[in-house]
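Asker: Build me a structure from this.
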Amino acid sequence: MSTVLTVLGVIAGAVVLVPALALVVLLIGFRTQNARILGTMRRFNRAVTNRAQRAAGTEGNPTGLLHHRGRTSGREYVTPIGPSPEAGGFVVALPYGPGTDWLRNLQAAGSGVLEFDGRTYRVDHPEVVPIGETVLAEREARTIRAFNLEHALRLRATEQAGP
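Answerer: As a prediction, this is how the structure comes out:
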């Protein structure tokens, strides 16, 4: 009986400890901008999380879908992002910094299409700004501090009639 309880205790401990440890590593990776940890997270998001965002862009969903073209391939990409409305457009926190592929694609093209909250917008003039200069500074202050976020993307937006 005590062997069974010991095994159950070890399993329960692992179920709690492994996610907690993963969260600590993730937090450290973002705070220090550790290239190895951030690269692993990017690959995971590209392979798993991004594909699970089927409801992104729909009404009431806080995640938007950014349609952009590859700067070298010319291929069409769709990337889930977390836009926050602000006067004249949107602002997006950049937890991985300003060097992500989707952002470089958007900057090279100068514009893209954003599906957000059931509406479609043409977004342009992508500008990387200090996150403290955006509406996120007050709305997401705790998250910004916890992850040591420094950059945000400001986009000018014009609503379109359809996709």
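Asker: Only C-alpha atoms from now on, for both contacts and neighbour counts.
Answerer: OK.
Asker: now the helices for this structure?
Answerer: Taking DSSP state H to define them, one finds helices in the chain at 2-32, 35-44, 101-109, 136-139, 141-147.
Asker: In the third one, which residues are buried?
Answerer: Spelled out, that is helix 101-109. Residues of helix 101-109 classed as buried by neighbour count (16 or more other Cα atoms under 10 Å): 102-107, 109.
Asker: Next up, the contacts around Q33.
Answerer: Y96 (Cα atoms under 8 Å, 6 or more residues apart in numbering).
Asker: Would you format the helices of the chain as TSV with mean pLDDT included?
Answerer: Converted to TSV, the helices of the chain look like this (pLDDT from 0 to 100):
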stretch	mean pLDDT
helix 2-32	74
helix 35-44	80
helix 101-109	95
helix 136-139	89
helix 141-147	89
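Asker: Comparing the ones you listed, which comes out most buried?
Answerer: helix 101-109 (a mean of 18; mean count of other Cα atoms under 10 Å).
Asker: Which residues does that one contact?
Answerer: Residues contacting helix 101-109 (Cα under 8 Å, 6+ apart): 68-71, 79, 98, 112, 125-126.
Asker: just to revisit the earlier point, point out the one among the helices of the chain that comes closest to E159.
Answerer: helix 101-109 (17.7 Å; Cα to Cα).
Asker: so how far is the closest one off the chain centroid?
Answerer: 15 Å (Cα atoms, centre = their mean, to the nearest Å).
Asker: again, but for stretch 75-91
Answerer: Counting by Cα atoms, centre = their mean, stretch 75-91 comes out at 10 Å from the chain centroid.
Asker: So for it, first residue to last residue, what's the gap.
Answerer: Taking Cα to Cα, to the nearest Å as the measure, stretch 75-91 stretches 25 Å from start to finish.
Asker: who touches that stretch?
Answerer: So stretch 75-91 is in contact with 50, 53, 56, 62-70, 92-93, 102, 116, 123, 134-136, 152-158, going by Cα under 8 Å, 6+ apart.
Asker: Could you check it and say which residues are buried?
Answerer: Of the residues in stretch 75-91, those buried (16+ other Cα under 10 Å) are 78-85, 89-91.
Asker: Export those residues to JSON lines and append columns for distance to V10 and pLDDT.
Answerer: Output for those, formatted as JSON lines (distance: Cα to Cα, whole Å; pLDDT from 0 to 100):
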{"residue": "V78", "distance to V10": "42", "pLDDT": "91"}
{"residue": "T79", "distance to V10": "39", "pLDDT": "91"}
{"residue": "P80", "distance to V10": "37", "pLDDT": "91"}
{"residue": "I81", "distance to V10": "38", "pLDDT": "93"}
{"residue": "G82", "distance to V10": "38", "pLDDT": "91"}
{"residue": "P83", "distance to V10": "41", "pLDDT": "95"}
{"residue": "S84", "distance to V10": "42", "pLDDT": "94"}
{"residue": "P85", "distance to V10": "46", "pLDDT": "95"}
{"residue": "G89", "distance to V10": "50", "pLDDT": "96"}
{"residue": "F90", "distance to V10": "47", "pLDDT": "97"}
{"residue": "V91", "distance to V10": "44", "pLDDT": "97"}
